[in-house]
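Asks: Sharing a model that was predicted from the sequence below.
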Amino acid sequence: MTTKLYYNDSYLSRFEATITAVRPHKDEQSAVMLDQTAFYPESGGQPSDQGTINSIPVLDVVEEGTDILHILPEAPALGKAVCCIDWARRFDHMQQHSGQHLLSAAAFQVTGAETAGFHLGTASSQVDLTLDALTREQAEEIERVANHTVFANPVFHTHYATTETLANYPIRKQPPVGVEQIRLIEVPGLDCCPCGGTHVTRAGEVGLIKIRSWERKKGLVRVDFVCGGRALHDYQLITYAINELSARFSAPSPELMLTVERHFARDEQVEKQLTQLKQELNEHLTRELLSKADSQGGFKVISHLMSSALPPDIADLAKRLAAHEQTIALIGGISPDESKSHLVFACSPGIKVNMGEELKAVLPVIQGKGGGNALMAQGGGSETGQTATALASAKRKLLSML
């Protein structure tokens, strides 16, 4: 049995212990047991601590019955050990977990929602609330209530209760059934609930609590949030992004959204005009290519290479040409960034050739993949310099077949 020091002192980052056992673990790692530990194992949505034991990195910490296993990349010797916890990681987890308690309590106060789940992630954390929906006004009120507690800076109290004494505490959430000793974390006047995680001493250490987003997920509302140092980093990123956008759009931040919406509306109009112009250009190009097409046995075989072309534009031209009787269209295009080659082969009905087979024959020339049916096939590849060669090869073959 391992004595769990983290239950009584979340701020303990360096301690001495005795290595009582070492055994092999998966991937040639070692599982180390100590007589006592301040390393927190992964539990209750909170990741495990990291650090070192006798200067050997602690990769993970897991709970196994009454023992705590410390996963190391190599096996240390039995006996005395000097243990150091990665304090930056530990304190970050303390901020996020304590902040979650305040956020969950605020959500209960504002909406009556229970917290059905908690996950402490590497960049942000999530709580699942028993709500059908969450409005912006509710989210902002939850933030206000949670941060008001941070500013008031009350003490986080730890209590140990039994099933007999549990009624003496104003618990928000019932503990699991069958637990003899129940660890409670209480913020007087706001929250009291069972928890085995590491926490700050006073609410002020949590720092700013910020809801980043929320979504409906599995019948609950999942709220994504950050606290403390993470909230500062998130705010710095957002401030940088807003300042950059404000400079690019020549708009002060209060007017940024309206300015962006105007740009989007303008871009949509330009896109519509561009699409119309492309269609007109393809119609004009269709007439020109038909007038200059090579004929063989009463059939027209048209090969054309488009520059700075997107697949939909290439396909549009091929379809327009194939809409004319006894016409085969072999259209290729190079993407605007010149990184991709695209081929579209199409023919009008009644011609005894298979566009899928003809395309498949030349796709290796452009190192490409694709497919289709007898009337139309398309594919793309990376050898842009060989696009014209692929078109010429397909055209020669078809002319010899007709």
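Replies: Cool, the structure landed.
Asks: tell me which residues in stretch 289-300 are buried?
Replies: By 16 or more other CB atoms under 10 Å, the buried positions in stretch 289-300 come out as 289, 293, 299-300. In short, each C-beta sits where N, CA and C put it, glycine included.
Asks: same deal with stretch 320-338?
Replies: Using 16+ other CB under 10 Å as the test for burial, stretch 320-338 gives 320-322, 326-335.
Asks: Return the residues in contact with S303.
Replies: By CB atoms under 8 Å, 6 or more residues apart in numbering, the residues touching S303 are 330-332, 391-392, 394-395.
Asks: Looking at the residues you listed, which are in helices?
Replies: Mapping the contacts of S303 onto helices (DSSP state H) picks out 391-392, 394-395.
Asks: In this protein, where's the longest helix?
Replies: Per DSSP H, the chain has its longest helix at helix 256-291.
Asks: longest strand in this structure, by residue count?
Replies: strand 14-25 (DSSP state E).
Asks: contacts for that strand?
Replies: Residues from elsewhere that reach strand 14-25 (CB under 8 Å, 6+ apart): 5, 30-38, 53, 69, 71, 75-85.
Asks: Which elements pack onto the helix or strand harbouring A247?
Replies: Per DSSP states H and E: A247 is located in helix 228-249. Here helix 228-249 touches helix 87-111, strand 209-217, helix 256-291, going by 3 or more CB pairs under 8 Å, 6 or more residues apart in numbering; DSSP states H and E.
Asks: quick one on the thing from earlier: pick out the most distant pair among the buried residues of stretch 289-300.
Replies: L289 and F299 (14.3 Å; CB to CB).
Asks: residues contacting the most far-flung residue of the chain relative to its centre?
Replies: What lies farthest from the middle of the chain is G297; by CA atoms, centre = their mean that is 57.5 Å. If a contact means CB under 8 Å, 6+ apart, then G297 has L402 as its contacts.
Asks: how deep is the closest residue to N168 other than its chain neighbours tucked in, by neighbour count?
Replies: Nearest residue to N168, sequence neighbours excluded (CB to CB, 6 or more residues apart in numbering): A161, at 7.2 Å. Look at A161: counted by other CB atoms under 10 Å, it has 19 neighbours.
Asks: Kindly report the same for L208.
Replies: 20.
Asks: ok, it touching A231?
Replies: Yes. Contact criterion CB atoms under 8 Å: L208 and A231 qualify, at 4.2 Å.
Asks: measure D92 to G99 for me?
Replies: Relative to G99, D92 is positioned 11 Å away (CB to CB, to the nearest Å).
Asks: can you list residues touching both of those two?
Replies: In contact with both D92 and G99: G228, using CB under 8 Å, 6+ apart.
Asks: residue contacts, L363?
Replies: By CB under 8 Å, 6+ apart, L363 lies in contact with 343, 369-370, 379, 381, 390.
Asks: ditto for C192
Replies: If you count contacts by CB under 8 Å, 6+ apart, C192 has them with 159, 169-172, 184-186.
Asks: With pLDDT, neighbour count and distance to L285 added, can I get those residues in a markdown table?
Replies: A markdown table is the format used below for the contacts of C192 (pLDDT from 0 to 100; neighbours: other CB atoms under 10 Å; distance: CB to CB, whole Å):
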| residue | pLDDT | neighbour count | distance to L285 |
| --- | --- | --- | --- |
| H159 | 92 | 16 | 80 |
| Y169 | 88 | 16 | 79 |
| P170 | 86 | 13 | 77 |
| I171 | 85 | 18 | 75 |
| R172 | 79 | 18 | 70 |
| L184 | 93 | 18 | 76 |
| I185 | 94 | 19 | 72 |
| E186 | 94 | 21 | 76 |
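Asks: Just those residues: which are in strands?
Replies: Secondary structure assignment (DSSP E) places 159, 184-186 from those within strands.
Asks: which of these sit farthest apart?
Replies: Using CB to CB, the ones in strands among the contacts of C192 span at most 8.1 Å, a distance reached by H159 and I185.
Asks: I'd like the distance between A107 and E28.
Replies: A107 sits 45 Å away from E28, going by CB to CB.
Asks: Between these two, which is the more surrounded one?
Replies: Neighbour count, other CB under 10 Å: between A107 and E28, A107 has more, with 27 against 9.
Asks: Let's verify the closest residue to L220 other than its chain neighbours: helix, strand, or coil?
Replies: Distances taken as CB to CB, 6+ apart place D128 nearest to L220, at 4.3 Å, with adjacent residues excluded. What DSSP: H, G, I helix; E, B strand; the rest coil gives for D128 is strand.
Asks: Now do G178, the pLDDT please.
Replies: We have a pLDDT of 70 for G178.
Asks: Brilliant, that's me finished.
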